[in-house]
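Undergrad: mind folding the following:
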Amino acid sequence: QVRLVESGGGLVDSGESLRLSCAASDFDWQNYAIIWDRRSPGKGSETVAIILNDNQRTNYAPSVEGRFIVIKDNMKPTWYLQMNNLKTEDTARYYCGARPIVPGGTDYWGQGTQVTVSS
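TA: Next up, the predicted model:
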């Protein structure tokens, strides 16, 4: 069983930064992609960042490109979402998920962490 725990959310002003963490239980993370999704009432779900752990390739949603960076901790199975120049529209609950790179396996998700950006 893969367990993911997000942390680092909070209330910040527009223009500030936050770093979210996704700490995972020990699993074969090299065969998974780590996904950062966000969900908010009225906006639904949006995938903001993905990192493929087999080659460290990353992809970002256009809404966060250039502001958000996903980083893998070199020492432990933890991933970070560095969020810079936050905007009010970034307000959402952020979830990290682990998805097998080879299709057909099981996705795992954490419980999420709330990010609120005030103007």
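Undergrad: ok, the closest residue to G15 other than its chain neighbours - contacts?
TA: Distances taken as C-beta to C-beta, 6 or more residues apart in numbering place N85 nearest to G15, at 6.0 Å, with adjacent residues excluded. The C-beta positions use only the backbone N, C-alpha and C, and glycine is treated the same way. Counting by C-beta atoms under 8 Å, 6 or more residues apart in numbering, N85 makes contact with 15, 17, 67.
Undergrad: with N53 instead?
TA: Counted by C-beta under 8 Å, 6+ apart, N53 has contacts 29-34, 72, 101.
Undergrad: cutoff 10 Å now
TA: By C-beta atoms under 10 Å, 6 or more residues apart in numbering, N53 lies in contact with 28-34, 72, 77, 79, 98, 101.
Undergrad: thinking again about what came up before, who wins on neighbours among the contacts of N85?
TA: Counting neighbours by other C-beta atoms under 10 Å, R67 leads the contacts of N85 with 16 neighbours.
Undergrad: on that earlier part again, for the contacts of N85, give me a markdown table that also has pLDDT and secondary structure.
TA: Shown next, in a markdown table, are those (pLDDT from 0 to 100; DSSP: H, G, I helix; E, B strand; the rest coil):
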| residue | pLDDT | secondary structure |
| --- | --- | --- |
| G15 | 98 | coil |
| S17 | 98 | coil |
| R67 | 98 | coil |
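Undergrad: in JSON lines: the residues you listed, plus distance to Q56.
TA: Shown next, in JSON lines, are those (distance: C-beta to C-beta, whole Å):
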{"residue": "G15", "distance to Q56": "29"}
{"residue": "S17", "distance to Q56": "22"}
{"residue": "R67", "distance to Q56": "20"}
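Undergrad: run a quick neighbour tally on S14.
TA: Here the number of neighbours of S14 (other C-beta under 10 Å) works out to 13.
Undergrad: model confidence score at it, please.
TA: As predicted, S14 sits at a pLDDT of 98.
Undergrad: same deal with P41?
TA: pLDDT at P41 comes out at 88.
Undergrad: check contacts around it.
TA: When the contact criterion is C-beta under 10 Å, 6+ apart, the partners of P41 are 92-93.
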